[in-house]
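**Q** how would this look folded up:
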Amino acid sequence: MNAERPLEGIRVLEYAQYVAGPFAGMLLADLGAEVVKIEPPGGEAYRHLDPFAPGESRYFYALNRGKRSVILDLRTEGGRQASRALICQADLILHNFPVERARVFGLDWETVRSLNPRAVLCTITAFGAQGPLARKPAYDLVVQAFSGLLLTGAHPGDRLPVRAGGIPIVDLTAGLLMALGALAGLLYRQVVGSGLHVEVSLLAAALAVQLQDLVWVEALQGPPPIENPEQPAGPPDLDQRTEEVALRLSLNPYYRCYQAQDGFLAVACLNQRQREAMLQVFGLQDPAVGDPDKIPEDPQERAQRQALVQEMEARIAARPVAFWLERLEAHGIPCGPVRRLSALYGDPQVRANHLLRVFQQPGVGPVWALGSLWRLNGQPNAVGDWIPGCGEHTRIVLTPEEENHGTVDSF
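**A** The predicted model follows:
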């Protein structure tokens, strides 16, 4: 086994589209798996999202490097037959089809297991395979809304819930969870000798990123509130969340952003030693240094804590970011400048860890994209240096016998 490509020799069939499934597939490809992306005629939807040329999209580039592309029309018997032949030779099958469509396409667990008992089937659903919403389709924004995650980023001035930065947090988290589950499935197969059906939902991912807020201790808080699930959140809920965020910002000076003389500064003190060190830098006192997140009941204490924050804001605003970085870091206080995304392309830390890579894409030229997230044996993990053209590898992947079914369009 190649230490730099631990999944070398593993073939993954990726039928997934959009974000979560393709992200999981790309991570497996980074670890050395041969990922064959099965696309419908015309290519998957992300090829056509805000394209800069026909079939060429930055969104698709972000999630599909290092894969091979095969066109199969699973709506036809020829396409399904070719798919079954590929499943028989695959180690892992990954898709995000609803239950009924997966069954029609021959990608349900019963069919996959009958074709290849050693195959690992990885499926991503919106709300999970069981329950009243098991067959309800949804995307990242809908699941963020359903799970309460969309309200957690409320800020003063918001009139509507807004997805933080437009980032598909649920999709990306589900992709990470599925990649982890896929590795567990492959290990299970190695130990037990048979395949495994691994399921992940966007809803599970949305709860995972809120795991700290979900903890409810009945001995301290009483029974958890059981609200009517049919009653949607409205302006009062957004206002309440906005007030909570604003109150926390106004009372906790240790974990927040400040405006310095020439830009923004982030400070993150998570323990009392760091908080006391920050107070020492400014020569200030804070009776709440042991628990700065606790909301004071006494108006006088609240006013004192708000005054402390305002004093720190005023002092930080009078000096540039570099001045404060030097002072705070000298006292062991975690801090850093707030930067634009564009700063990453030339950043020496990002480059030293190969977190961004440049690919030479045929017909396009240099393409910057995410590099590997891992280092193996102290070395940066090599990643596939191509983004597949639509159906580019159809003839290479399918065997000559399968090619007799007809032209590419007939699969």
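**Q** any idea which element Thr188 lies in?
**A** Residue 188: Tyr, not Thr. Using DSSP states H and E, Tyr188 sits in helix 169-192.
**Q** Let me see the ranges of the strands in the chain.
**A** Under the criterion DSSP state E, the chain contains strands at 11-14, 34-39, 68-71, 92-95, 120-125, 197-201, 255-259, 264-268, 335-337, 356-361, 365-370, 375-376, 379-380.
**Q** who's in contact with the first one?
**A** Just to be clear, that refers to strand 11-14. Contact with strand 11-14 is made by 21-22, 25, 28-29, 33-38, 67, 86-87, 89-95, 182, as judged by Cβ atoms under 8 Å, 6 or more residues apart in numbering. All C-beta spots, glycine's among them, are computed from the backbone N, C-alpha and C.
**Q** ok, now the fifth one?
**A** Judged by Cβ under 8 Å, 6+ apart, the contacts made with strand 120-125 from elsewhere in the structure are 16, 20-21, 24, 91-99, 102, 107, 109, 112-113, 129, 134, 174, 178, 181-182, 185-186, 188-189, 195-202.
**Q** How confident is the prediction for the residue located most distally from the centre of the chain, by pLDDT?
**A** Centroid-distance maximum for the chain: Gln300 at 42.9 Å, with Cα atoms, centre = their mean. On pLDDT, Gln300 comes in at 89.
**Q** do you know how far it is from Gly290?
**A** Between Gln300 and Gly290 the distance is 18 Å, computed by Cβ to Cβ, to the nearest Å.
**Q** Looking at Phe411 now. What's its pLDDT?
**A** Per the predicted model, pLDDT is 40 at Phe411.
**Q** Actually, Pro400.
**A** For Pro400, pLDDT reads 48.
**Q** want to try JSON lines for the strands of the chain, with distance to Gly79 and mean pLDDT as columns?
**A** Below are these laid out as JSON lines (distance: least, Cβ to Cβ, whole Å; pLDDT from 0 to 100):
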{"stretch": "strand 11-14", "distance to Gly79": "13", "mean pLDDT": "98"}
{"stretch": "strand 34-39", "distance to Gly79": "9", "mean pLDDT": "97"}
{"stretch": "strand 68-71", "distance to Gly79": "9", "mean pLDDT": "96"}
{"stretch": "strand 92-95", "distance to Gly79": "14", "mean pLDDT": "98"}
{"stretch": "strand 120-125", "distance to Gly79": "19", "mean pLDDT": "97"}
{"stretch": "strand 197-201", "distance to Gly79": "23", "mean pLDDT": "96"}
{"stretch": "strand 255-259", "distance to Gly79": "52", "mean pLDDT": "94"}
{"stretch": "strand 264-268", "distance to Gly79": "51", "mean pLDDT": "95"}
{"stretch": "strand 335-337", "distance to Gly79": "51", "mean pLDDT": "94"}
{"stretch": "strand 356-361", "distance to Gly79": "28", "mean pLDDT": "86"}
{"stretch": "strand 365-370", "distance to Gly79": "30", "mean pLDDT": "88"}
{"stretch": "strand 375-376", "distance to Gly79": "37", "mean pLDDT": "82"}
{"stretch": "strand 379-380", "distance to Gly79": "38", "mean pLDDT": "76"}
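**Q** I'd like those as JSON lines, with distance to Arg58 appended.
**A** What follows is the strands of the chain, written out as JSON lines (distance: least, Cβ to Cβ, whole Å):
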{"stretch": "strand 11-14", "distance to Arg58": "19"}
{"stretch": "strand 34-39", "distance to Arg58": "17"}
{"stretch": "strand 68-71", "distance to Arg58": "17"}
{"stretch": "strand 92-95", "distance to Arg58": "23"}
{"stretch": "strand 120-125", "distance to Arg58": "22"}
{"stretch": "strand 197-201", "distance to Arg58": "26"}
{"stretch": "strand 255-259", "distance to Arg58": "28"}
{"stretch": "strand 264-268", "distance to Arg58": "27"}
{"stretch": "strand 335-337", "distance to Arg58": "26"}
{"stretch": "strand 356-361", "distance to Arg58": "11"}
{"stretch": "strand 365-370", "distance to Arg58": "9"}
{"stretch": "strand 375-376", "distance to Arg58": "26"}
{"stretch": "strand 379-380", "distance to Arg58": "23"}
